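> Here is my input; please provide its structure:
(one chain, ligands or ions: 1)
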Amino acid sequence: MTDYTDNKYSELFKNQKSQHLQVGNTTYKERIKKLKNLKVALEKTYKQELRDALYKDFKKPTLETDLTEIYPVIDEINFVKKHLKSWLKRQKVDTPISLLGSSSWIKNESKGVCLIISPWNFPVNLTFGPLVSAIAAGNTVILKPSEMTPHTSKVMSKIVSALFNENEIALVEGEVEVSQELLKLPFNHIFFTGSPQVGKIVMKSAAEHLTSVTLELGGKSPAIIDDSSNLDKAVKKIIFGKFLNAGQTCIAPDYLFINENIKPQFVNSFKKQLNEFYTENVSNSNSFGRIVNKKHFDRLRGYLEDAKSRNAEIAIGGTSEEKDNFIEPTLVFNAEEDSELMQNEIFGPILPVKTYTSISRVLEDINSREKPLALYIFSKNKKVIGEIINNTRAGSTCINHNLLQFLNHNLPFGGANNSGIGKSHGYFGFLEFTNQRSVLKQHTLSAVDLLTPPYSSFKQKLVDLTIKWF
Ligand code: NAD
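Just a heads-up that it's a prediction; the model follows:
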């Protein structure tokens, strides 16, 4: 037995542990009821409080809160409502002839007590999204949202305590130390969303108890605009994807490749589109958010200073306002490979652009880095699209748009190696929180019973026949 009695959260953990079979044996109707309550809380009861909290935390525009925080969770709940009954059904599988007289099935059962640690950039979406999957799979859950969006965490805590018994679902607020303490406990599954650096810490802690993990991480996601694409349309979509949430989106295009031929048109189109979205004075636009805190504001300003000091070309933007952590949408050419901008995940409204003359160079560049969470291709040329997809690896790809792959629950969402382990959304999210128990039931005499000791030459012949024919 693991001794974790000195841990601040051991009581909560133990109480959840004692409930986990009961919760795991709830019917699909009981689970749907919980999800419906969560839906009403998000759609009606707490919607305005969540909007206000996210505005207080980092001036998230209301429309963005509705579209990127509330809607995806409601959509996930609707999807689960439609499919949960079939996901929980015993899944019969074929039984080979060598096991004649038996039948086999998979029982999708809960893992037990789960921990969900979430980041600050889409705090509602990335806390309650995985919670929907965990509830669907019948788990008890402890949620730990980020300390960087405290107003939003407070409202989420209110929602959780209003809807659930804490021995089933609890939310704990607090600093990083809270996560560190929770990570010492022998959870049955940990679902972590955050940076690759902290992902490694989570995986090491999980290894202590051989706890399974889902790691939804980040990194540098490239986008490519090929000269066959409709440039204005591609630019409009990239600006939407990159500057939504002020660039603080895990699947935002981090850096961009454009064909050298189209550079002047590209810059003109970019300027024009930025003005249309945010006017000439972006800091007055109510459609553009802020950097979450001073630490990240300073980090981004540092990246820009570093690029400028190495003679990078700031083609658009480059200004910032310290008083409310505003960084202007910025386009940078010629950032050196070892600069901060090209070495780190940017996670802010700065877009470095690289020009290319041959796609093979682009592929070499992408493949010299960690596998990205997302890779975007803007092209009308099927051959080029195929060449890029077949010669790279990434968590997801969207062709002729960006971010949208996140919204299709029929697609698994996640990274590969440095950008993540495991998948979320829809059935894939449900499976992360599910133990697929294999069950084989023997009905009549089994052929294997003929092969028990003492071994004889006759039994050896039977084994030889089995290997040859079955
Ligand atoms: P982060 O890794 O700093 O923090 C994530 C969570 O981990 C927070 O709740 C934080 O309290 C906790 N944490 C931080 N340090 C810890 C430690 N030493 N021990 C234990 N817990 C710790 O990430 P962030 O700054 O909140 O979010 C930005 C990162 O998340 C980016 O890399 C981004 O790409 C990634 N992200 C990924 C996805 C995805 O779905 N793949 C979504 C959003 C963000």
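> just the helices in the stretch 201-350 of the chain please.
Remark: helices assigned in the stretch 201-350 of the chain by DSSP state H, counting those that start in this stretch are 231-243, 263-278, 294-309, 340-343.
> can you confirm Ile467 is in a helix?
Yes. Counting by DSSP: H, G, I helix; E, B strand; the rest coil, Ile467 is located in a helix.
> Just put the helices of the stretch 201-350 of the chain in a markdown table and tack on distance to Arg51.
Just so you know, the C-beta spots here come from the backbone N, C-alpha and C atoms, and that holds for glycine as well. Listed next are the helices of the stretch 201-350 of the chain as a markdown table, based on distance: least, C-beta to C-beta, whole Å:
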| stretch | distance to Arg51 |
| --- | --- |
| helix 231-243 | 20 |
| helix 263-278 | 20 |
| helix 294-309 | 22 |
| helix 340-343 | 33 |
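> Please produce a markdown table containing these, extended by mean pLDDT.
Formatted as a markdown table, the helices of the stretch 201-350 of the chain follow (pLDDT from 0 to 100):
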| stretch | mean pLDDT |
| --- | --- |
| helix 231-243 | 98 |
| helix 263-278 | 97 |
| helix 294-309 | 97 |
| helix 340-343 | 98 |
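> Nearest approach to the ligand belongs to which of those?
Of all the helices of the stretch 201-350 of the chain, helix 294-309 sits nearest to the ligand, with 7.8 Å by C-beta to the nearest ligand atom.
> Now tell me what touches that closest one from outside.
Contacts to helix 294-309, defined as C-beta atoms under 8 Å, 6 or more residues apart in numbering, come from residues 248, 291, 314, 318, 320, 322, 325, 327, 330, 332, 335-336, 339-341, 344, 346-348, 350, 352.
> Now do the buried residues in it.
By 16 or more other C-beta atoms under 10 Å, the buried positions in helix 294-309 come out as 296-297, 299-301, 303-304, 306-307.
> for the residue nearest the centre of the chain, what are its contacts?
The chain has Glu216 as the residue nearest its centroid, 4.2 Å off, counting by C-alpha atoms, centre = their mean. Applying C-beta under 8 Å, 6+ apart to Glu216 gives the contacts 126, 191-194, 250, 413-415, 420, 422, 424.
> Please report how far it lies from Gly241.
From Glu216 across to Gly241, the span is 18 Å (C-beta to C-beta, to the nearest Å).
> before we move on, what about Lys371?
Distance from Lys371 to Gly241, by C-beta to C-beta: 19 Å.
> Can you pull out the low-pLDDT segments for the stretch 1-150 of the chain?
Residues of the stretch 1-150 of the chain meeting the criterion pLDDT under 70: 1-5.
> the helices in it, which residues?
Going by DSSP H, counting those that start in this stretch, the stretch 1-150 of the chain shows helices at 10-24, 28-40, 47-58, 62-65, 71-88, 123-136, 150-163.
> Do a quick rundown of the strands in the stretch 101-250 of the chain.
102-110, 113-117, 140-144, 169-171, 189-193, 212-216, 222-225 (DSSP state E, counting those that start in this stretch).
> Please produce a markdown table containing those, extended by distance to the ligand.
Shown next, in a markdown table, are these (distance: least, C-beta to the nearest ligand atom, whole Å):
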| stretch | distance to the ligand |
| --- | --- |
| strand 102-110 | 23 |
| strand 113-117 | 5 |
| strand 140-144 | 6 |
| strand 169-171 | 12 |
| strand 189-193 | 5 |
| strand 212-216 | 4 |
| strand 222-225 | 14 |
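> Next, format these as JSON lines and append distance to Pro453.
Formatted as JSON lines, the strands of the stretch 101-250 of the chain follow (distance: least, C-beta to C-beta, whole Å):
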{"stretch": "strand 102-110", "distance to Pro453": "21"}
{"stretch": "strand 113-117", "distance to Pro453": "42"}
{"stretch": "strand 140-144", "distance to Pro453": "45"}
{"stretch": "strand 169-171", "distance to Pro453": "51"}
{"stretch": "strand 189-193", "distance to Pro453": "40"}
{"stretch": "strand 212-216", "distance to Pro453": "37"}
{"stretch": "strand 222-225", "distance to Pro453": "61"}
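> Point out the one among these that comes closest to Val362.
Closest of these to Val362 is strand 222-225, at 6.0 Å (criterion: C-beta to C-beta).
> list the contacts for the nearest residue to Asp232 once chain neighbours are set aside?
Nearest non-adjacent residue to Asp232, counting by C-beta to C-beta, 6 or more residues apart in numbering: Ser269, 5.2 Å away. Counting by C-beta under 8 Å, 6+ apart, Ser269 makes contact with 231-232, 235.
> quick one on the thing from earlier: just say which of the helices of the stretch 1-150 of the chain is most tucked in.
For these, the largest average neighbour count (mean count of other C-beta atoms under 10 Å) is found in helix 123-136, namely a mean of 27.
> Mind exporting the C-alpha coordinates of that one to CSV?
As requested, the backbone C-alpha atoms of helix 123-136 are provided in CSV (Å, rounded to 0.1, in the frame of the first residue of the first chain):
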residue,chain,number,x,y,z
PRO,A,123,-8.9,27.9,-19.0
VAL,A,124,-12.6,26.9,-19.3
ASN,A,125,-12.2,24.9,-22.5
LEU,A,126,-9.1,23.0,-21.3
THR,A,127,-10.4,22.3,-17.8
PHE,A,128,-14.0,21.4,-18.5
GLY,A,129,-13.3,19.8,-22.0
PRO,A,130,-11.3,16.9,-20.5
LEU,A,131,-13.7,16.8,-17.5
VAL,A,132,-16.5,15.9,-20.0
SER,A,133,-14.5,12.9,-21.2
ALA,A,134,-13.6,11.9,-17.6
ILE,A,135,-17.3,12.0,-16.5
ALA,A,136,-18.4,10.1,-19.6
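> any chance of the helices of the stretch 201-350 of the chain in a markdown table, plus distance to the ligand?
Listed next are the helices of the stretch 201-350 of the chain as a markdown table, based on distance: least, C-beta to the nearest ligand atom, whole Å:
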| stretch | distance to the ligand |
| --- | --- |
| helix 231-243 | 14 |
| helix 263-278 | 23 |
| helix 294-309 | 8 |
| helix 340-343 | 14 |
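> No further questions, thank you.
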